[in-house]
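**Student:** What shape does this take:
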Amino acid sequence: MNVPLRVIACAVLLFGAVLFVGCVLVPWLGGPSLFPHDLPGLCVQILEERQRSETLEARDRIIVDDLEAKRIVTDDLIGGRITLAEAISEFRRLREQVFALQEEGLPAKVPEIGYEGLAQQVINWVMITLKDDPRRDVVLDRLEAELDALRQR
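**Tutor:** Residues are numbered from 1 along each chain as shown. Model prediction:
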């Protein structure tokens, strides 16, 4: 037999011996096992966690899309392209859309929030957006006037 063939044969035998001792003999003698006894249960748990991760990622996308849509509505309101009433309606639609897209574990029905609550939510978005903007007082005064007009209706 030539030398490279002997080296390969010895390496295969050594690998087989290590594999036998590590995977068969040690666990049989009560030592740690390379493969846990509850391997099927662990596989099921891994699959469940993967599905849970995908669900949470989908929820994250829904929330991020909702926040982006509210930012656009807020920018349009600040720019005067829409009215406060239109912004409130859009916030209500976005709110219902988010709750409709949520999956199990969350309330199926959208908790009621009144018109005043939505109006305050829209105004709060504007206040935060215009935190250090010199137009802040002018825009907020305009929105308060629109809200007063809406209340009188």
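**Student:** Tell me the spacing between the residue nearest the centre of the chain and residue 54.
**Tutor:** A centroid search over the chain (C-alpha atoms, centre = their mean) returns residue 60, at 2.2 Å, as the residue closest to the centre. Computed with C-beta to C-beta, to the nearest Å, the distance linking residue 60 and residue 54 is 11 Å. Any C-beta I mention is one placed from the backbone N, CA and C, and that applies to glycine too.
**Student:** returning to what we had before: the residue nearest to the centre of the chain is in what secondary structure piece?
**Tutor:** Per DSSP states H and E: residue 60 is located in helix 39-78.
**Student:** Quick one: name whatever helix or strand follows that helix.
**Tutor:** Criterion used, DSSP H and E; the element after helix 39-78 is helix 84-101.
**Student:** tilt between that next one and helix 39-78?
**Tutor:** On the basis of axes from the mean of the first three to the mean of the last three C-alpha atoms, to 10 degrees, helix 84-101 is oriented at 170 degrees to helix 39-78.
**Student:** What's the mean pLDDT across the following helix or strand past helix 84-101?
**Tutor:** Per DSSP H and E, the first helix or strand lying C-terminal to helix 84-101 is helix 115-129. Here helix 115-129 scores 93 as its mean pLDDT.
**Student:** now for helix 115-129, which elements pack on it?
**Tutor:** Packing contacts for helix 115-129, counted by 3 or more C-beta pairs under 8 Å, 6 or more residues apart in numbering; DSSP states H and E, involve helix 39-78, helix 84-101, helix 136-152.
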